[in-house]
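Participant: Below are the sequence and a predicted model; questions follow.
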Amino acid sequence: MPDVFRKQSPHAFYRAMVESGTRPYYRALSMRGTEAAVEGKRLIMVGCNDYLGLSTDPRVVAAASAALGRFGASCSGSRALNGTLTLHEELEGRLAEFLGQEAAVVTTTGFQTNLAIAAFLGTNDAAFGDMSNHASLVDGIRLGFGTHHRYRHSDMDQLESLLRAADPGVGKLIVTDGLFSMGGDLCRLPEIVALARRYEARVVVDGAHDIGLLGAGGRGVAEHFGLMDGVDLVTGTLSKCFGSSGGMLAGPRNVIDYLRYTARSLLFSAAMPAAAAAAGLAALDIIESEPDRRQRVFDLAERLHNGLRALGYDTGESVTPVIPVHVGDAELCLRAWQELFDAGVFTNAVAAPAVPRGRALLRVTAQATHTDDQVTQVLDAFALVGRRLGLIPKAAPDGYEPVLIARQRRSVEVAR
Ligand SMILES: Cc1ncc(COP(=O)(O)O)c(C=O)c1O
């Protein structure tokens, strides 16, 4: 009799991990910040999405504590019933204004935000998604009733041929990450917006990693490209630049109102806790008033990229503080993760299915709160471990191509 519980992990990476005794995942932190502790061992944290370092900012923490005292630990119910707080409404108003959209709604996690996309996809609709989109976007589309066309990562020719081939009577939605979470590169928004206009498609951009970070005002990839009016619906999370927890959707008022009554991940889940909403509001104040934080994280990211490249590492197409250090072989990636851990550096080991098979990488992230000295220590550890494992040459290569960091706004004209 088949037993549904008798499954073997399909991932070779998982088996290699068990066999080698390396444990890069589910490690409990007893202290967190740019310096973290695992089982009493102090580590420099370069595996965290708190790009602006706001999760431990005293103003954010104080706002969360005050809300906890006033509203309690949980909303104990869905937004639609008893779970909407004045704090949620304030946050939604502020986010809509910040993102240049008519309205916004917040959800309990960023993952649930993207599941809400299902509500747009009826049997007569089609979604067109980048193959490197985050799992939550993939699942959101899967939960809908429309067809899912996937195009090779950032391959605009393929996106165009899929759009051209689609039945003109079908509703079309182009869905993309703004800043790709593993590659650190940006979606090709100007081309996407131009294609959407040509083929009458709507554009959804998941700004999970870029809202707060990119653009002169931190409004994300749309602001970076000067295309604030090119994106129909923005999704995002408070768990990265906002140093909190929870998700957001921002767009036309009628679309947001429709979601309030149809998105199952919003309707049938307890609301974002008050502490998270208050932390999000405090973080938004800081994002709006302290643009230097963005400059700082880009400075550190540039130094990390170029320091790693000078050693002979490949940081791929990334132009952001999400720095993929390409290793290739999954087992080698595990060994490198462990040796870096032993040397006092906490990175993220990433292998299939999060990236294509054979393209394992160590994901390194910069935070505005890292010190210069921490960055030096990280680079020293990468030099030591990389040479020992043969990931880089023993002597630094003669030259390297510096990263073109996404600091400056790239304004682009897109035909209407
Ligand atoms: C691109 C992207 N979208 C959505 C999410 C989900 O956000 P959350 O962690 O807030 O659920 C993530 C989280 O890793 C992400 O990287």
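Facilitator: Structure received.
Participant: Surely residue 184 is in contact with residue 318?
Facilitator: Yes. Judged on Cβ atoms under 8 Å, residue 184 makes contact with residue 318 at a distance of 2.8 Å. Bear in mind the C-beta positions are built from the backbone N, C-alpha and C, glycine included.
Participant: shared neighbours of those two, anything?
Facilitator: The contact sets of residue 184 and residue 318 overlap at residue 324 (Cβ atoms under 8 Å, 6 or more residues apart in numbering).
Participant: From the ligand, how far off is residue 400?
Facilitator: Residue 400 sits 28 Å away from the ligand, going by Cβ to the nearest ligand atom, to the nearest Å.
Participant: Give me the nearest residue to that residue, chain neighbours excluded.
Facilitator: Ranked by Cβ to Cβ, 6 or more residues apart in numbering and with sequence neighbours excluded, the top spatial neighbour of residue 400 is residue 309, at 4.1 Å.
Participant: dump the residue contacts of residue 140.
Facilitator: Shown in contact with residue 140 (Cβ under 8 Å, 6+ apart): 114, 115, 116, 117, 118, 175.
Participant: from the residues you listed, which is closest to the ligand?
Facilitator: For the contacts of residue 140, the closest approach to the ligand (Cβ to the nearest ligand atom) belongs to residue 114, at 5.7 Å.
Participant: neighbouring contacts of the strand or helix carrying the closest one?
Facilitator: According to DSSP states H and E, residue 114 maps onto helix 110-115. Contacting residues not belonging to helix 110-115 are listed as 107, 134, 136-137, 139-140, 143, 206, 208, 235-239, 246-249, 263-266, 269 [Cβ under 8 Å, 6+ apart].
Participant: Try it again at 7 Å.
Facilitator: When contacts are defined by Cβ atoms under 7 Å, 6 or more residues apart in numbering, helix 110-115 is touched by residues 107, 134, 136-137, 139-140, 143, 206, 208, 235-237, 239, 247-249, 265-266, 269.
Participant: Distance from the chain centre to it, please.
Facilitator: Centre-to-centre, helix 110-115 and its host chain are 12 Å apart (Cα atoms, centre = their mean, to the nearest Å).
Participant: what secondary structure does residue 364 sit in?
Facilitator: What DSSP: H, G, I helix; E, B strand; the rest coil gives for residue 364 is strand.
Participant: Contact partners for it?
Facilitator: The contact partners of residue 364, taken as Cβ under 7 Å, 6+ apart, are 46, 304, 323, 325, 347.
Participant: looking at the sheet around it, what are its partners?
Facilitator: Note on residue 364: beta-bridge partners by DSSP bridges are residue 323.
Participant: And it, how far from residue 46?
Facilitator: Distance from residue 364 to residue 46, counting by Cβ to Cβ, to the nearest Å: 5 Å.
Participant: Mutual contacts of the two, please.
Facilitator: Common neighbours of residue 364 and residue 46 (Cβ under 7 Å, 6+ apart) are residue 347.
Participant: on that earlier part again, considering only the contacts of residue 140, which also neighbour the ligand?
Facilitator: By Cβ under 6 Å from any ligand atom, the members of those lying near the ligand are residue 114.
Participant: Just among the contacts of residue 140, which is most surrounded?
Facilitator: The residue in those with the most neighbours, by other Cβ atoms under 10 Å, is residue 114 (31 neighbours).
Participant: Give me the nearest residue to the residue of the stretch 1-150 of the chain found nearest the ligand, chain neighbours excluded.
Facilitator: Nearest residue of the stretch 1-150 of the chain to the ligand: residue 110, at 2.4 Å (Cβ to the nearest ligand atom). Leaving aside its chain neighbours, residue 110 sits nearest to residue 237 (2.8 Å; criterion: Cβ to Cβ, 6+ apart).
Participant: Likewise for residue 162?
Facilitator: Among residues not flanking residue 162 along the chain, residue 149 sits closest, at 4.6 Å (Cβ to Cβ, 6+ apart).
Participant: Buried residues in the helix or strand containing that neighbour, which are they?
Facilitator: Using DSSP H and E, residue 149 sits in strand 147-151. By neighbour count on 16 or more other Cβ atoms under 10 Å, the buried set for strand 147-151 is 147, 149, 150, 151.
Participant: repeat for stretch 346-363
Facilitator: Residues of stretch 346-363 classed as buried: 346-351, 354-355, 359-363 (neighbour count, 16+ other Cβ under 10 Å).
Participant: contact partners of the helix or strand where residue 297 lies?
Facilitator: Element membership for residue 297, per DSSP H and E: helix 292-311. The contact list for helix 292-311, computed with Cβ under 7 Å, 6+ apart, reads 51-52, 213, 218, 315, 320-321, 323, 325, 364, 366-368, 370, 375, 378-379, 382-383, 386, 392, 396, 400-403, 405, 407.
Participant: So which of the residues you listed are in strands?
Facilitator: 323, 325, 364 (DSSP state E).
Participant: I'd like those residues written out as TSV, with pLDDT and distance to the ligand added.
Facilitator: As requested, these are exported to TSV (pLDDT from 0 to 100; distance: Cβ to the nearest ligand atom, whole Å):
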residue	pLDDT	distance to the ligand
323	98	15
325	98	18
364	98	15
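Participant: still on that earlier bit, correct me, but the residue nearest to residue 162 touches residue 164?
Facilitator: No. Using Cβ atoms under 7 Å, residue 149 is not in contact with residue 164; the gap is 11.4 Å.
Participant: shared neighbours, these two?
Facilitator: Counting by Cβ under 7 Å, 6+ apart, no residue touches both residue 149 and residue 164.
Participant: Quick check: the nearest residue to residue 230 once chain neighbours are set aside vs residue 259, distance?
Facilitator: If the residues on either side of it in the chain are set aside, residue 230 comes closest to residue 193, at 3.6 Å by Cβ to Cβ, 6+ apart. Distance, residue 193 to residue 259, using Cβ to Cβ: 22 Å.
Participant: And for residue 283?
Facilitator: 23 Å.
Participant: Please save the CA atoms from stretch 183-202 in PDB.
Facilitator: What follows is stretch 183-202, C-alpha atoms only, in PDB (Å, rounded to 0.1, in the frame of the first residue of the first chain):
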ATOM      1  CA  GLY A 183      20.400  36.800  -9.100                       C
ATOM      2  CA  GLY A 184      20.300  40.300  -7.700                       C
ATOM      3  CA  ASP A 185      19.500  41.600 -11.200                       C
ATOM      4  CA  LEU A 186      16.600  43.900 -12.200                       C
ATOM      5  CA  CYS A 187      13.600  43.000 -14.400                       C
ATOM      6  CA  ARG A 188      13.700  44.700 -17.800                       C
ATOM      7  CA  LEU A 189      10.900  46.900 -16.900                       C
ATOM      8  CA  PRO A 190      11.100  49.400 -19.800                       C
ATOM      9  CA  GLU A 191      10.800  46.500 -22.300                       C
ATOM     10  CA  ILE A 192       8.100  44.800 -20.200                       C
ATOM     11  CA  VAL A 193       6.000  48.000 -20.100                       C
ATOM     12  CA  ALA A 194       6.400  48.500 -23.800                       C
ATOM     13  CA  LEU A 195       5.300  45.000 -24.500                       C
ATOM     14  CA  ALA A 196       2.400  45.300 -22.200                       C
ATOM     15  CA  ARG A 197       1.200  48.400 -24.000                       C
ATOM     16  CA  ARG A 198       1.700  46.800 -27.400                       C
ATOM     17  CA  TYR A 199      -0.200  43.600 -26.500                       C
ATOM     18  CA  GLU A 200      -2.700  45.100 -24.100                       C
ATOM     19  CA  ALA A 201      -1.500  43.300 -21.000                       C
ATOM     20  CA  ARG A 202      -1.500  44.300 -17.400                       C
END
